[in-house]
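Enquirer: Have a look at this prediction, sequence included:
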Amino acid sequence: MPPIFYTEQSSKRSIDTPKPVSVTSLTTLKWFALSLCLILTACNNQTSTQNSTDQLDELPSSITSAAEKSDSDRINIASPDWGNAATLTAMGHAPIATGDIRVWDRWVGNPKLPSSTVDLGIRYQPNAELIAQLPVDMVIDNYFYEHARNLYGDVPAESVMSAAKGETATWADYTEPTRELGALIDNPKMAEDYIAQSQKDIQLASQQLQQRYPRVKKFAVVQFADANNMRMYVANSLFQPALEQMGKELVVLGKGNNWGFVPVRMGDLAQLDDETCLLIIDPLSPITRAEIDDSLIWQRLGYGNTRCVGELPPVWIYGGMSSLVSLANNLSDVSLKGGDVL
């Protein structure tokens, strides 16, 4: 329908000229409008506050207490070191940032980091600009990362290292650093509770392994670099106290370096006796796995047939107490095959 246009007709009536509005009337209108806005704003704020209070009241009491607790009561930790980051997370005080999160599952596995944890980039060279933007109260590293301390500005840094202090790693080499972490986060009880729980978890894992494979007493642990070269973890690695807590023996072929391993070649595995079960620690690339299966030396060794072998999920080899627990849990679930010990 087309628009309708109206034509104004002339009128004989005189047009009344509107009377001018006085200044007093304008002032009154302005004050009235302003008062109305203030009243509406106050009502809106009161409604919003009431809604927020109602939502908070609906939360469980534990969450409500956490919400009411000041953020300043919690010490925010950043750690480029996976060992400290994992143990802190397992204790219940996860760091707000760590490095190389994109490959955490491939090399560390458990515990899982909270989704809120920030990735600092490369662990060996963390992102200084990103750290400066985070509310970090303290950085916890170890001697391997001390070169990066100048990137943290005024944020204090403390070193905590979980490693053997002698030629043989002991349980104390892992409990003491855990207690250091508890002191740094101002919560020693959290550390003590975690140590006690860890020992219980390892003992439970030991019982499960014993029930499944009662005749297996000895293990050798390796991680493949390629199809012919590997690292064999020895007495000064975390495998020693973990297996010792589980009542098992770690079999080695030599004295390890400062990192707890000795380089060996595939043919060196022939020195292991038939009662020793070989544990292969992931990750293991599909290409390397295929090359191992095709290796004549591997076939001659008989692992999986005449000799016992098992493959374990990733565990951070250079970690702390959480690595001991993860290793024990992984071992309790391992599928072993081959050999007369099964």
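Expert: Happy to help now that I have it.

Enquirer: Give the buried residues for stretch 181-188.
Expert: Within stretch 181-188, the residues scored as buried using 16 or more other Cβ atoms under 10 Å are 181-182, 184-185, 187. Where C-beta positions appear, they are placed from N, C-alpha and C, glycine not excepted.

Enquirer: Can you tell me, leaving aside adjacent residues, what's nearest to residue 171?
Expert: residue 241 (4.9 Å; Cβ to Cβ, 6 or more residues apart in numbering).

Enquirer: I meant residue 192, not that one.
Expert: With Cβ to Cβ, 6+ apart, the residue lying closest to residue 192 is residue 182, at 7.0 Å.

Enquirer: Would you mind pulling the contact partners of the helix or strand containing the one you found?
Expert: Per DSSP states H and E: residue 182 is located in helix 172-184. Applying Cβ atoms under 8 Å, 6 or more residues apart in numbering, the contact partners of helix 172-184 are 75, 77, 84, 87-88, 91, 138, 140, 158, 160-165, 188-192, 194-195, 238, 241, 320-321, 324.

Enquirer: was I right about residue 110 contacting residue 326?
Expert: Yes - assessed by Cβ atoms under 8 Å, residue 110 is found in contact with residue 326 at 4.8 Å.

Enquirer: Give me the helix or strand of the chain that scores worst on average pLDDT.
Expert: Ranked by mean pLDDT, DSSP states H and E, the weakest helix or strand in the chain is helix 61-68, scoring a mean of 33.

Enquirer: what sits up against the following helix or strand past it?
Expert: Sequence order places strand 77-79 as the next helix or strand after helix 61-68, per DSSP H and E. Residues from elsewhere that reach strand 77-79 (Cβ under 8 Å, 6+ apart): 85, 88, 93, 95-98, 120, 131, 134, 136-141, 155, 184-185.

Enquirer: next one: stretch 152-166
Expert: Residues contacting stretch 152-166 (Cβ under 8 Å, 6+ apart): 78, 83-84, 87, 128, 131-132, 136-143, 146, 149, 169-170, 173-174, 177-178, 180-181, 184, 235-238, 240, 260, 318-321, 323.
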